[in-house]
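# Okay, here's the prediction I keep looking at, along with the sequence it came from:
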Amino acid sequence: MTETAMATDLLEEEEQKSLQSREFGFWVYLMTDAIIFALLFATYVVLSKNSAAGPTSKDVFDLRHTAGETALLLISSLTFGMATIAMARGLSGRVLMWLVVTALLGFAFLAMELAEFQGMIAKGAGPDVSGFLTAFFTLVGTHGLHVSFGTLGILVMIVQIPLKGLTPPVRSRLLRLGLFWHFLDIVWIGIFSVVYLPGVM
Amino acid sequence: MNHSAERSVTTYLTGFVLAVILTAIPFTLVWGGFLSGMAVYAVIAVAAILQVLVHLVFFLHLDLKSTPAENLFFLGFAAVLIFIMVGGSLWIMTDLHHRMM
């Protein structure tokens, strides 16, 4: 083995180590994010009945709308999974196709959520009306903000993959983005189970 | 998390079908107005916890063998923190609520 080949091997090994520690770091970030969401959930549960004579959860929630958002997010988790499988098989065209589908589902989810927020504010149920609505907009809005950043991340990957190919750093980024995306779907399970379903009962 | 080769379409589809079932159960119960009171909350809670586990296993590929120990350790640590902070907050606030009545 020549000296340059050995140096390349060493570099690749170091790159692998650095990517692995980034994956662990991202996992730590996700866990801290889970703590933020857990506390927003606790705040919501404490304030959910404090509607200050304004609109209550029964007046403002529409379960059909929530079911639509749930479906979009769940299907997008599956399509991101398909992108990850295509990446493992090295098919960059397939990865791109699934990422585009996932991004479209993400946009559709955001559009539905914004329509819901706008409708609520138009009906006089904005975040400034009561403790219940403040907690609702903070919790669901924080999740929506995360989905926006996730969708932005997917768009960045859609640009990066054709430019750089499926190199180890690109694969690692896509893997981390996938963790983030699946994590957001887990938070959504909490949102429909804690906020919407008990809210309409 | 570097075991991407063993990820298969079947794993994701199994997870997806389980997640759809675990979402449909609480939605149908609340929508149709079947059951009432604590029973509904219990079903919603159990379905949610099961679905979180389904997502962790089938989508995030957590398992005791191939996931690095430090990742599982951190997940456990976060769970303990959440339990103390959320449980403690709810305990204090309900207690306060009863005393203010």
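Perfect, I can see it now. Predicted model, so just to flag it, every value in this text is computed and none were measured. Numbering: from 1, shown residues only, chains lettered A, B, ... in the order given.
# Model confidence at A:Arg3, what's the number?
One correction, residue A:3 is Glu, not Arg. On pLDDT, A:Glu3 comes in at 81.
# What helix or strand is residue 26 located in?
If you meant another chain, say so; for now it's chain A. Taking DSSP states H and E as the definition, A:Phe26 sits inside helix A:3-47.
# that's the other chain; I wanted chain B
helix B:9-32.
# Do that helix and chain A come into contact?
Yes. Counting by Cβ under 8 Å from any Cβ of the partner chain, chain A is contacted by helix B:9-32 at B:9, B:12-13, B:15-16, B:19-20, B:23, B:26-27, B:30-31. Heads up, the C-betas are built off the backbone N, CA and C, glycines and all.
# Which SSE is immediately downstream of the helix holding A:Phe26?
Trace forward from helix A:3-47 with DSSP H and E and the next one is helix A:57-60.
# In that next one, which residues are buried?
Counting neighbours by 16 or more other Cβ atoms under 10 Å in any protein chain shown, one finds that the buried residues in helix A:57-60 are A:57, A:60.
# C-terminal to it, what's the next element?
Following helix A:57-60 in sequence order, the next helix or strand is helix A:63-88 (DSSP H and E).
# Enumerate the positions of that following helix that are buried.
Across helix A:63-88, burial judged by 16+ other Cβ under 10 Å covers A:63, A:66-67, A:69-70, A:72-88.
# How about stretch A:2-22?
Across stretch A:2-22, burial judged by 16+ other Cβ under 10 Å covers A:Leu19.
# mind saving the C-alpha coords of that stretch as CSV?
Extracted C-alpha coordinates of stretch A:2-22, given in CSV (Å, rounded to 0.1, in the frame of the first residue of the first chain):
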residue,chain,number,x,y,z
THR,A,2,1.4,3.4,-1.0
GLU,A,3,1.6,6.3,1.4
THR,A,4,-1.1,8.3,-0.4
ALA,A,5,-3.5,5.3,-0.2
MET,A,6,-2.9,5.0,3.5
ALA,A,7,-3.5,8.7,4.0
THR,A,8,-6.8,8.4,2.1
ASP,A,9,-7.9,5.5,4.2
LEU,A,10,-7.0,7.4,7.4
LEU,A,11,-9.0,10.4,6.1
GLU,A,12,-12.0,8.3,5.3
GLU,A,13,-11.9,6.7,8.8
GLU,A,14,-11.7,10.2,10.4
GLU,A,15,-14.6,11.4,8.3
GLN,A,16,-16.7,8.4,9.4
LYS,A,17,-15.9,9.1,13.0
SER,A,18,-16.8,12.7,12.7
LEU,A,19,-20.1,11.8,11.0
GLN,A,20,-20.9,9.3,13.7
SER,A,21,-20.4,11.9,16.4
ARG,A,22,-22.6,14.3,14.5
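# That stretch close to chain B?
Yes. Interface with chain B: stretch A:2-22 contributes A:Gln20 (Cβ under 8 Å from any Cβ).
# Name the surrounding residues that touch that stretch.
A:168-169, A:172, A:176, B:2 (Cβ atoms under 8 Å, 6 or more residues apart in numbering or on different chains).
# try stretch A:118-136
Here stretch A:118-136 makes contact (Cβ under 8 Å, 6+ apart) with A:40, A:43-44, A:46-52, A:54-57, A:59-60, A:137-138, A:195.
# just the buried members of those?
Buried members of the contacts of stretch A:118-136, counted by 16+ other Cβ under 10 Å: A:40, A:43-44, A:46-48, A:51, A:54-57, A:60, A:137, A:195.
# Any chance of the residues you listed in a markdown table with distance to B:Met85 and pLDDT as columns?
A markdown table is the format used below for those (distance: Cβ to Cβ, whole Å; pLDDT from 0 to 100):
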| residue | distance to B:Met85 | pLDDT |
| --- | --- | --- |
| A:Leu40 | 11 | 97 |
| A:Thr43 | 11 | 95 |
| A:Tyr44 | 14 | 96 |
| A:Val46 | 13 | 93 |
| A:Leu47 | 16 | 94 |
| A:Ser48 | 18 | 92 |
| A:Ser51 | 25 | 90 |
| A:Gly54 | 29 | 90 |
| A:Pro55 | 30 | 93 |
| A:Thr56 | 27 | 92 |
| A:Ser57 | 24 | 91 |
| A:Val60 | 28 | 92 |
| A:Phe137 | 22 | 97 |
| A:Val195 | 19 | 96 |
